[in-house]
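1. Got a predicted structure here, sequence first:
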Amino acid sequence: MPAAPNPALPPIHTVRGVRVMLDSDLARLYGVTTAVFNQAIRRNLSRFPSDFVFEISHEDHARLISQIVISNAGTKGLRSQTVILKGRGGRRKPSLCFTEHGAIMAATILRSPRAVAMSIYVVRAFVQMREALLTNAVILKRLAQVDRKLLEHDVVLRDVVERLAPLLSPPESPPPKRKIGFHPGNR
């Protein structure tokens, strides 16, 4: 059994309010070129509904430029012996954005040994993440129960303190006793 890979995790971006990974990052993660990766995706589009993968719009692309370095197409020419090739260095098609489920599905259609190992790695990582979230949910539920109990005890303790307060305060001094007999100051 091969050892579990430990690659550097690709960046996760937020596009249209959804956490996604770009096709180029996933291709690098799965050990294939972006062209091969996207070709495999386009051949299996039926496995990728819109909540698994979507193309990035021009507006989203402009926002991502501030987050990551993306080469710009068509601004500089490359000189190759006698032919000048203009517009090289950038992407010709919009990037594909993959949600969590889309990233896992992408791993299932690639056949490279690294892609297989990475799909297992990704699935296990998501399982561990869900177990951690479930554990946190159990802890939060228990804390809520303790909090309710403390509030109940707080009400009872306030009632006890209110009832004990008169007993804890010093007794009021009784009115002075009247002396028997005639006293010129008493009337």
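-> Okay, I see it.
2. Residue 51 and residue 59: what is the separation?
-> Distance, residue 51 to residue 59, by C-beta to C-beta, to the nearest Å: 20 Å. Where C-beta positions appear, they are placed from N, C-alpha and C, glycine not excepted.
3. Actually, residue 149.
-> 51 Å.
4. Equivalent analysis for residue 166, please.
-> 71 Å.
5. so where do the strands sit in this protein?
-> Using DSSP state E, the strands found in the chain span residues 13-15, 18-22, 53-55, 77-80, 83-86, 96-98.
6. can you pull out the helices in the protein?
-> With DSSP state H as the criterion, the chain has helices at 23-30, 34-43, 58-65, 100-109, 113-168.
7. deepest of these, which one?
-> Here the criterion is mean neighbour count by mean count of other C-beta atoms under 10 Å, and of these the winner is helix 23-30, at a mean of 22.
8. in this protein, which helix or strand is least confident?
-> strand 77-80 (a mean of 32; mean pLDDT, DSSP states H and E).
9. what about this protein, any weak spots by pLDDT?
-> Along the chain, segments meeting pLDDT under 70 span 1-10, 61-92, 122, 185-187.
10. if you set the cut-off to 80 instead, what comes out?
-> Regions of the chain meeting the criterion pLDDT under 80 cover residues 1-14, 18-19, 57-94, 111-112, 115-116, 118-130, 133, 166-187.
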